[in-house]
Each structure stands twice: as C-alpha cells, then as structure tokens.
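Asker: take a look and give me a structure for this.
(chains A, B, C and D)
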Number of protein chains: 2
Amino acid sequence: MLNEDIKTVAHDCGDCPIRHRAVCARCEADELERLEEIKYYRNFQAGQTIIWSGDRMDFVGSVVSGIATLTQTMEDGRTQMVGLLLPSDFVGRPGRDGSPYDVVATTDMVMCCFRKKPFEELMADTPHIAHRLLEMTLDELDAAREWMLVLGRKTAREKIASLLSIIARRDATLNLQTQQNSLVFDLPLTREAMADYLGLTLETVSRQISALKRDGVIELEGKRHVTVPDFSRLLDEAGDDSDGGMLS
Amino acid sequence: MLNEDIKTVAHDCGDCPIRHRAVCARCEADELERLEEIKYYRNFQAGQTIIWSGDRMDFVGSVVSGIATLTQTMEDGRTQMVGLLLPSDFVGRPGRDGSPYDVVATTDMVMCCFRKKPFEELMADTPHIAHRLLEMTLDELDAAREWMLVLGRKTAREKIASLLSIIARRDATLNLQTQQNSLVFDLPLTREAMADYLGLTLETVSRQISALKRDGVIELEGKRHVTVPDFSRLLDEAGDDSDGGMLS
DNA sequence: CGAAGCGTTGAGATAAGTCAATTAGTGTGG
DNA sequence: CCACACTAATTGACTTATCTCAACGCTTCG
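Answerer: Sure, this is the predicted structure:
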C-alpha cells in the first residue's frame, strides 16, 4: 500500500487523462494518495443506467471517458435532460443519499468512483477538494442557467444551433483539432436525446437539422458526422453574441 | 399588512433574521466576528438594478429581506429569468469578477454585503463558510435543473401551477401560517415577470391564471392576493407527484 | 382630468406538436 | 446471401397550444 500498489485495472492518478480538470485537480500528492485508497474504476456500457432517480447512492465519482446524461421524467413519460456529463465532470452529491435524476451512459463509459462516506470525510479534511468541487458546481450552475434561456426563450432552430455549438466547442477543447475556421465532430446523441435536451420533439429536431443543412450552416455525412464550415455563422443562428471568445 | 415594520436596525449578526439559513449559518463566534468586520448593509428600492450583467462586482452578499431576480437577456430583448433570490440567498460568485446575469430588486430589499476580496480570503481560511456555500450552490443547482423540466416540458397551465406551488411552499416555510390545508400568499411578481420566469408571454400567463381561478384551483383577491384551497390539487395541476413532502 | 402602469380578454397567425408513411442502416438467422 | 426484423431518422399532412396584435378596464398619481 505504501509502494506503487498497482491494481489490476486501476490507473495511476499521475497518468489520468482528467487529472487536471476533475474534482481532484487541485490535490497535493498526499491528498491524492488518500484518494487513491478509496477509489475504484467502473465501466458502463452505452445505454446502461448508472443511477436511478431516487435510488440510494453509495459512491460519487468522475467521468473518465464517455458521455452520460442527467434526465428527469414526469409520470406520464415526458422527459427533460438536465445535464450532459463529459469527461472530468463530477457525479453525485456529497451530503445527500439519492440522486434526483436518472444518470444514463449514452456511450461506453469509464468512471473513477469514490466510496461516498470516506470521500465526505476526506472533503472535510482537505480544503482543496471542497474548493474545487465548489468551483465546478458554480460552473455547472451557470451552465444550467444558460440552458434555461435556451429552453425558455429560443426557437427550435436556435435551440439546435445552440446545442451544436456547445458540442462543437467542447470537442474543440478536448480534441484540439480545429482546421482553420471549420469544425468537425460526431453527434454523441440520438435525435430523441437531442429533443429531450432541447424540450422539442424528435421530428422537430430532425426538421431543423435538415433546414440548417439546406441553408449551408452545417454539412452532414451520415446521420451523426457534422461539419461546421463557419462557426460564427452557427453562433449567429444560436442567437448568441458573436463568437463567445472561442476563436480567440 | 406587516405587523412589524422591519427597519433593518439588525446590524448585529446575533439578531439577524437569516442567521441560520444564510452563507454564515455554520459560522462559529470567531468566524462571525471576522465577517462582521467586512460586512455592510445596503438598501435597494423596488425596480432598482443591483448588478448589471457583465459588470464588475466588488462585493458578494446575502439577501436579508425582499426579493430579487436573476435575468438573462438576448440582444433582441427576449429575457429569461434564471433565478429568484429570497431572504438568505447568496448573491455573487467568489472567484469571478462579473455576474453573467442582471440582478434586479423586485421589492424593496436589504442586503448584507461583504467586500469580495476579504471574503475570498476568509473563505480560504474558514471551511465553514466554503462548506455552507457549496451546500447552498448544490441546492441552487438542483432548483435550476428542476426548473429546466418546467421550461422544457410543461404546458402553460402546468408552468403557472408550478410557479404558484413554489411560491406557496416558500411562503409557508418563511411565514409558517398554514391554516389547515389552505395557503394564502401574495404574488411577488408582475405578470410580465412571471412570464419571463416561465418562458411564456404575459398574455398567456394572464389567461392561465384566469383559467385556474375559473376552475377553482386558486382564488384571487385583487391581482396579487392568492388563496389555494387545496394544495395537493395545485400540485396535481403542476404535474408533480403528490404533495412533495411539504404537508408532512 | 389625463397619463401611465398593470392586467384582462378577444381574434387571428404561426411555430411546434401529432400522427403516419417511408427510407436507410444494421444485425440475425434460415 | 437474402429475407426479416428492428431501430434511427426523415418527411408530409394536419392539429393545436401559444404567440401576436389590439382593444379595453382598473388604479394610481401628478
């Protein structure tokens, strides 16, 4: 335990691809050691539900790779996606037993999990974790509020453009493959999932994507592969001001 | 209407009406002392803008009395309310210069402000403040996400019912005046502000309120004074499951 | 009184939803 | 290898909830 205790599948925090962005980003070496003691990895398959709304959770954790969604569902089946979890995002809420949302893997995923109780104790001891978690939570709150504007006030076309620009922006920061001005990425969501994110029907999503394609705002290859020839044009369609600082 | 005219002479934290709910709720006596050194009170009039979106903020603080709204506005004027600030709620974001939202007082307000720089230093020292702020931020995030469901998936009638039940619930916890099963409160928002909260037009808000009144879900005296004869009926109209635990 | 702010109500327009048919891609098994 | 089933996505025709535009009523206030 003192030495390099290499677990079967376990990665070393030093090599972790999300080391600098996740909840552990600010940890010192000794704090990382304590985290390593309570961490374990879990794999999920695309489509698998990670946490059911209302269920007791005995862990919290970080998304290492893959994508998950947070959704809320009404009794009659209407569902609203309330968050998209990308690599480095945090799952779970210290200090509360259950999740108010379903958490579902939309792609194959790897999560770095921490047993909840020890994690909470660790949080009380080490300000770096709590501080980073506060920072991340404030960011998520801002994102949620920005999404409220999308849901409450934007047209279907603007909603689609907003979603595409968010995905494009994320992909650009993760994969760093901007060629000139044009962006290329794969949609990680089905039309139905997009509809649930945007508060639309899947038919409307499909129609608006076709319209954006027809108008040359995007190019489609197959159903999922998207090229954005002019990102500022897309932002324009989203109703956001100028380029949002991304091309700077 | 008010029996006690709250003149905000309460400059001592010990007497503070929000002492047990605000960001300072968990503070020990010595921490409170340090807070008192950097705090000051500010009054705002109904309608006054407290912070403009994008402006530099040199303070953070707590709502002591009154109500404020957080709103986002698009270039063409469409606006979406993204939060409602009630007594004990926290304003501002440590670690960031500007607010992404307009913060506007909808009633006369008193705020307990802290100079931002010293507050941030204090936060680094005293885990109780940071911990409480994390807790409050997580609550706000949950509330924002619940609101995303309202904005994305509920009908106009359900939206109105949702808003009324939130206001009713808040009023019940603040004023503790539940008479049997029926709740009475005043709407703190104009029809237009409600529309901005709900992603509707003010005409639709007006029509749906009239409809709920016609159907006996609510009773109206004047434009603002609301009686809810049967709270579970209201929750039913909101599309939420049963009583949400409030009458327990 | 007249103006201004807030709210209600009506009539018609429209964006998005619903229902339904069709296509395309993918995997399965005889 | 071809039918078959199955899912994701597209597209069309029609319906509808909500918006838009407009008129009007009620208070408040100078």
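
Asker: in what helix or strand does A:E158 lie?
Answerer: helix A:156-175 (DSSP states H and E).

Asker: pull out the buried positions in that helix.
Answerer: Judged by neighbour count using 16 or more other C-beta atoms under 10 Å in any protein chain shown, the buried positions of helix A:156-175 are A:156-172. The C-beta positions use only the backbone N, C-alpha and C, and glycine is treated the same way.

Asker: do stretch A:190-206 as well
Answerer: A:R191, A:A193, A:M194, A:A195, A:D196, A:Y197, A:L198, A:G199, A:L200, A:T204, A:V205, A:S206.

Asker: I'd say the second one and A:L84 touch.
Answerer: In other words, A:A193. No - using C-beta atoms under 8 Å, A:A193 is not in contact with A:L84; the gap is 9.4 Å.

Asker: overlap in contacts, the two.
Answerer: Jointly contacting A:A193 and A:L84 under the rule C-beta atoms under 8 Å, 6 or more residues apart in numbering or on different chains are A:T69.

Asker: might you report the residue contacts of A:R207?
Answerer: So A:R207 contacts A:A156 (C-beta under 8 Å, 6+ apart).

Asker: quick check, pLDDT for it.
Answerer: A:R207 is assigned a predicted lDDT (pLDDT) of 98.

Asker: for A:D30, phi and psi?
Answerer: Torsion angles at A:D30 (phi, psi; degrees, to the nearest 10) stand at phi -70, psi -30.

Asker: rounded mean pLDDT for stretch A:111-127, please.
Answerer: For stretch A:111-127, the per-residue pLDDT averages 93.

Asker: again but with stretch A:57-75, I slipped
Answerer: 95.

Asker: what residues does chain A have near DNA strand D?
Answerer: A:187, A:190-192, A:202-203, A:205-207, A:209-210, A:220, A:223-224 (C-beta under 7 Å from any atom of the strand).

Asker: swap the cut-off to 6 Å and go again
Answerer: Contacts of chain A with DNA strand D, taken as C-beta under 6 Å from any atom of the strand, map to A:T190, A:R191, A:E192, A:L202, A:E203, A:S206, A:R207, A:I209, A:S210, A:K223.

Asker: which of the residues you listed scores worst on pLDDT?
Answerer: A:K223 (90).

Asker: how near is it to chain B?
Answerer: 23 Å (C-beta to the nearest C-beta, to the nearest Å).

Asker: ok, now A:T173?
Answerer: Counting by C-beta to the nearest C-beta, the gap from A:T173 to chain B is 19 Å.

Asker: tell me which residues touch A:S88, please.
Answerer: Counted by C-beta under 8 Å, 6+ apart, A:S88 has contacts A:I18, A:R21, A:A22, A:S62, A:V63.

Asker: which among the residues you listed gets closest to DNA strand D?
Answerer: Comparing the contacts of A:S88 against DNA strand D with C-beta to the nearest atom of the strand picks out A:V63 as the nearest, at 21.8 Å.

Asker: show me what the one helix or strand that closest one maps to packs onto, helices and strands only.
Answerer: Assigned by DSSP H and E, A:V63 belongs to strand A:59-65. Identification of packing neighbours for strand A:59-65 by 3 or more C-beta pairs under 8 Å, 6 or more residues apart in numbering or on different chains; DSSP states H and E yields strand A:90-91, strand A:109-115, helix A:116-125.

Asker: ok, the following helix or strand past that strand: who's next to it in the sheet?
Answerer: Once strand A:59-65 ends, the next helix or strand along the chain (criterion: DSSP H and E) is strand A:68-73. As defined by DSSP bridges, the strand partners of strand A:68-73 come to strand A:79-85 (antiparallel), strand A:102-105 (antiparallel).

Asker: any idea of the pLDDT on A:D102?
Answerer: What the model reports for A:D102 is a pLDDT of 95.

Asker: got it, and A:D97?
Answerer: So A:D97 comes in at 89 (pLDDT).

Asker: also A:D243?
Answerer: For A:D243, pLDDT reads 51.

Asker: ok, and does the lengthiest helix in chain A reach over to chain B?
Answerer: Using DSSP state H to define each element, chain A has its longest helix at helix A:127-153. Yes - applying C-beta under 8 Å from any C-beta of the partner chain, one finds helix A:127-153 in contact with chain B at A:127, A:130-131, A:133-135, A:137-138, A:140-142, A:144-149, A:151-153.

Asker: just checking, next helix/strand downstream of the helix holding A:E158?
Answerer: Per DSSP H and E, the helix or strand that comes after helix A:156-175 is strand A:183-186.

Asker: so what's the nearest residue to A:F231 once chain neighbours are set aside up against?
Answerer: Of all residues not flanking A:F231 in the chain, A:L183 sits nearest, at 5.8 Å (C-beta to C-beta, 6 or more residues apart in numbering or on different chains). With contact set as C-beta under 8 Å, 6+ apart, A:L183 has these partners: A:A168, A:D171, A:A172, A:T227, A:V228, A:F231.

Asker: now do A:D171
Answerer: Contacts of A:D171 (C-beta under 8 Å, 6+ apart): A:L183, A:F185.

Asker: go on, A:L35?
Answerer: A:C13, A:C24, A:C27, A:F114, A:L122, A:I129 are the contacts of A:L35 under C-beta under 8 Å, 6+ apart.

Asker: low pLDDT regions in chain A?
Answerer: A:1-10, A:174-181, A:242-248 (pLDDT under 70).
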